[in-house]
Structures are given as structure tokens and as C-alpha cells.
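> here's a sequence, model it:
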Amino acid sequence: MIPVRGFEGKRVAVFGLARTGLTAAHALVAGGAEVALWDEKPEARAAAEAEGLPVVDLTVADWDGFDALLLSPGVPLTHPAPHWTVEKARAAGVEIVGDVELFARSVNAAPPWKRPKIAAITGTNGKSTTTALLGHILREAGKDARIGGNIGLGVLGLEDMHGGAVYVLELSSYQLDLTSSLKADAAVLLNVSPDHLERHGDMDGYVAAKRRVFLNQGKDDTAVIGVDDPWCQRICTEIMAANGRTIRPISAGRAMGRGVYALQGILYDATGERAVEVADLTRARALTGRHNWQNAAAAYAAAMALGVSAQDAATALMTFPGLAHRMEEVAQIGRVRFINDSKATNADAARQAMSALPRFYWIAGGQPKAGGIEPLREFFPKVEKAYLIGEAAPEFAKLLKGSASVSLCGDIASATEEAYRDAAASGGDAIVLLSPACASFDQFPDFEARGEAFRAAVEQLVPQRAREARG
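Model prediction:
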């Protein structure tokens, strides 16, 4: 755990008692702060009390007595309307922070010889893979890399800092909205496409949140920016004009005079006098597809900014084992492969899997995002059959009508069993793909739980197949 510095003797209200909130509360207490926790769910309050943390009803508390509100990133800050805790905090002049901001202030309060390096990674898609991949490269190069934030452990739950550590943090737009003091040695913005607009109001609000990853960078820091979409292209141009740091453009679609790019799976480093081929990503089993080539270019560029040699970074790319719930092959039964892409929580993320695979049996649905699966229409001819789950199922069925056969399955277990039966009956090599193109919150607490449910459903098919074989 990282004890929070800078809040000694201060009283902090904590709202939202999932993993992030509880971890941050413990870190605040460890640093000498007094906390008052609240959540609208009784079971969450009970969990906090079971961990010895004080629960206080913030609906009737005196907010003039608080110095800060620690807000869970899942709680609305501005849109569609500020949460009631936000309104109470603002009325009382209480600052609102997130756990990443507490981490940043703790780093800034540490003596220079204890301050770690920080890599901050964001983007609409690919940030989890890039975070895990960069952590892998750093560890393979012998560095003490700690991976967290929006992936794995909350940042304050990671091991306490020292001068030789590197914190590799995946940051969502929600977390960045609550962060103002973080200064990343290497900041990565992979891509931007419409997402979470209900939480940011519009694209301008969403892009502004993503751009915060570059806050506070100075001349010794590096900005790694994807330039394969118009929003990031504009940000890259604007940051280059400011000329306050090293800038490394990356692309998975075109050659560049300066930067890191991949063409047809070959990674090139053009940060020196000429472009040099550094890795054949088509040989990296966990980095298939153009989206992963962009992830690899970003991780490679960030690793070099953090002191890893080009050769070591390129070598480590080839040994990356992949990321759970992102194009993860969980099993093969006979000639049927099962791919868990539960982390595809929007259409753009599902596009990456659908574009990288041949024909497949598609499990999709959940809590729909704006636009649904309409942006995926070009891939409908690849769908052998769709098995739809969750709230989005009826609408997705309408969109798929005339393009692919559809079965309204309701839940993961039913969809997985039916998809397997159809795939096995085809008699050839087949793929069952879970790539929901939806949030998970209608049926699961998060995409990880959804992916684990898929894995469990696949595991249930193995004894079933054995029974069928025995006849």
C-alpha cells in the first residue's frame, strides 16, 4: 500500500466503496488522515465496516467539516448531472479528488530520491493491453514495474514507492477528470473514438478528459500519441506546436518521418536518423491485428522513454503472454476455439477482434452503448450466427436481421452452450467469440466477471462433450 501524503490530520469524505474507494480509504488512514465513508448500497457499507473503516451518513453530515471528497471514478462528476456528493462538496468549498490524484500528491511530497518514474496510459481502446505490455517490457529489462490504476489493483494498493520503481498506470477518462497533479515521465494517448459521452457531455468533453494525461509534463518527459484518428492527430499537432517535451507519434497504418509505426505487422523505429525495422509482430501470438500493432508501437516508444534499450524492448514484445479478457483464447474443444474478448465494452473495441478473425460464432450484448453495433455492420457477413444476451439483445437482433442468423439467449451460459453446439456441428475449424460491444453492468459487476462467466461456461462444456462421446 502507498500511504497518502499531504492529508495528515485532515478529514476526508469517501464516497463509493468498491475496490478503489476501500483501498484509497485505507491508504488515507495509513497516511494520517481521518476518513468518513459512505455508499448508497448497504452491502458496500457493511463491507467497509467489516474492514474497520468508519461509515458516516454523508447525506446528513456537516460538509463544512471536510477538507476533501474522495470520489469513486464511477460516480458522475459533471454529466448527466453532478452527483449529490459533488453538489454538497462544491457548496461547502470542499475539493474533489480521485485516488490517482492522491497518488500524484504523494509522489510530489516524497523526497527526490524516493520519487518513482510514472507511465500513464489512456485511450478509448487498447489501454489495458498497452499497460500490461509496457509492464512486461520493463520487467523483462530488469526494472521494478508496478502495474495498476484502471487495471488490476487500484494505484494506492500497489507496493509503496522508491526511487527505482516505475508505476505503469492505465487511466480512464473518469480517473483523469479527477486528477490534476500527476506528472508522467511517459504519457500515452493511444486513440480516441466516441465513448462515455453520457459522462462527459459530448466529444469535446471526452477529448478534454483524455488530454489531461499530458498535464504537468516538462522538457524531460515524453508524450506518445497515436495519430490514426482525427482527434489524436489534432492533439499531437497542438502539443508539437507547444514544443515542451519529447513527442513520439505512433501509427499502425502509415509510415512516418519521425516516430514509431507498424506496416503489415512490421514495427519500425523512426526516432533516429532513419527508420529501422525492429520487430516482426506477425510472429507475436498475443499481438495479432492492427489494433495490437498500435499497442506494441506505443509500449515500445514508452519503454525507450523510460530507459529500456530498443533491442530489449523489441525482444520483450515477442514474449508478451497477452491480457486476460482481451482476445484471450481460453480453450479449444475439438476443432472449436473459444476466444474471450469480454473487455470489448463498445463497438470500436469489438471491431478490433472482428477485423482480426475469419468467420465466427458471435456472443454479443449487455448494457448497450450509444450507437450500438451499427458501426460494426461491415463485419456482419463474418458472423456465422449471433447469440445475444442482456439488455441489448432485442435491438441487436433488429440490426442483424437479414445479415446473420440470431438467437436470443439471455445469458452467457446459454449462449456459450448453443454457440458450441452450432460450431461443432459445422464439422470444420470454428471460433466462438465473446466480444460483447456493450458494458457488462446489466448482468455483471464488471467485464472481468463477464469474462470469467464465459470461461466457466466453456469449462462446463468439457465434461458435457465427454458424456456425449460415451454416448
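
> okay, now the unreliable bits of the chain?
196-197, 463-471 (pLDDT under 70).

> residues touching the most centrally placed residue in it, list them.
In the chain, the residue lying closest to the centroid (CA atoms, centre = their mean) is residue 128, at 4.2 Å. By CB atoms under 8 Å, 6 or more residues apart in numbering, the residues touching residue 128 are 150-151, 170, 323, 326, 343. Yep, even glycine has a C-beta here, placed from its N, CA and C like the rest.

> residue boundaries of the strands in the stretch 251-400 of the chain?
Taking DSSP state E, counting those that start in this stretch as the test, the strands found in the stretch 251-400 of the chain are 259-263, 266-270, 276-280, 328-333, 336-340, 360-365, 383-389.

> out of those strands, nearest to residue 200?
The minimum distance between residue 200 and those falls on strand 360-365, with 24.3 Å, by CB to CB.

> contacts for that closest one?
339, 350, 354, 373, 382-393, 396, 404, 409, 412, 415-416, 419, 422-423, 430-438, 454.

> try 6 Å this time
383-390, 392-393, 396, 415, 419, 423, 431-434, 436-438 (CB atoms under 6 Å, 6 or more residues apart in numbering).

> one more: stretch 5-15?
Stretch 5-15 has contacts (CB under 6 Å, 6+ apart) with 21, 25, 28, 31-38, 58, 65-71, 85, 105-106, 109.

> how many neighbours does the nearest residue to residue 404 once chain neighbours are set aside have?
Leaving aside its sequence neighbours, residue 404 sits nearest to residue 383 (CB to CB, 6 or more residues apart in numbering; 4.0 Å). A total of 20 residues lie near residue 383 under the criterion other CB atoms under 10 Å.

> the helices in the stretch 101-250 of the chain, which residues?
In the stretch 101-250 of the chain, the segments counted as helices under DSSP state H, counting those that start in this stretch are 127-140, 173-177, 197-200, 203-211, 230-242.

> what comes up buried for the last one?
Taking 16 or more other CB atoms under 10 Å as the neighbour-count basis, helix 230-242 is seen to contain the buried residues 231-233, 235-236, 239.

> CSV please, covering these and showing distance to residue 274.
As requested, these are arranged in CSV below (distance: CB to CB, whole Å):
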residue, distance to residue 274
231, 30
232, 25
233, 24
235, 27
236, 21
239, 24
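
> list just the nearest of the residues you listed to residue 269.
Nearest member of these to residue 269, counting by CB to CB, is residue 236, at 17.7 Å.

> identify the residues contacting the closest one.
Neighbouring residues of residue 236 by CB under 6 Å, 6+ apart: 225, 227, 249.

> find the nearest non-adjacent residue to it, please.
Closest to residue 236 by CB to CB, 6+ apart is residue 225, at 4.3 Å.

> what does residue 41 give?
residue 17 (7.7 Å).

> wait, doesn't residue 282 sit right on residue 266?
No. When contacts are counted by CB atoms under 6 Å, residue 282 is not listed as touching residue 266 (7.8 Å).

> quick one on the thing from earlier: buried only: go through the contacts of strand 360-365 for me.
Listed as buried from these are 383-390, 392-393, 396, 415, 419, 423, 431-434, 436-438; burial here means 16+ other CB under 10 Å.

> ok, and the most crowded of the contacts of residue 236?
residue 225 leads the contacts of residue 236 on contacts (other CB under 10 Å) with 28 neighbours.

> surely it touches residue 188?
No. Using CB under 6 Å, residue 225 is not in contact with residue 188; the gap is 7.8 Å.

> next SSE downstream of whichever strand or helix holds residue 87?
Here residue 87, judged by DSSP states H and E, is contained in helix 84-91. Once the chain leaves helix 84-91, the next helix or strand it forms, by DSSP H and E, is strand 95-97.

> and that following strand, how far out from the chain's middle?
23 Å (CA atoms, centre = their mean, to the nearest Å).

> buried ones in it, by neighbour count?
96-97.

> next one: stretch 151-169
151-158, 160-161, 165-169.

> and these, which is closest to residue 291?
Nearest to residue 291 among those: residue 151, at 16.8 Å, using CB to CB.

> is that closest one in contact with residue 169, as I believe?
No. With contacts counted by CB under 6 Å, residue 151 stays clear of residue 169, the gap being 8.4 Å.

> re earlier: please report the distance of the residue nearest to residue 236 from residue 403.
Distance, residue 225 to residue 403, by CB to CB, to the nearest Å: 36 Å.

> now do residue 113
Noted for residue 113: a distance of 61 Å to residue 403, by CB to CB.

> the more surrounded of the two?
When residue 113 and residue 403 are compared for neighbours, residue 403 comes out ahead with 14 against 8, by other CB under 10 Å.

> not counting its neighbours along the chain, what's nearest the more buried one?
Leaving out its chain neighbours, residue 403 is closest to residue 380 (CB to CB, 6+ apart), at 3.8 Å.

> also residue 322?
Nearest non-adjacent residue to residue 322, counting by CB to CB, 6+ apart: residue 286, 3.4 Å away.

> next up, the contacts around that neighbour.
Per CB under 6 Å, 6+ apart, neighbours of residue 286: 320-322.

> recalculate using a threshold of 10 Å.
129, 132-133, 136, 292, 296, 317-323, 326-329 (CB atoms under 10 Å, 6 or more residues apart in numbering).

> repeat that for residue 372.
So residue 372 contacts 346-347, 365, 392, 395-396, 398-399, 437-438 (CB under 10 Å, 6+ apart).

> tell me the two of these that are most distant?
Between any two of the contacts of residue 372 (CB to CB), the greatest distance is 18.9 Å, for 346 and 398.
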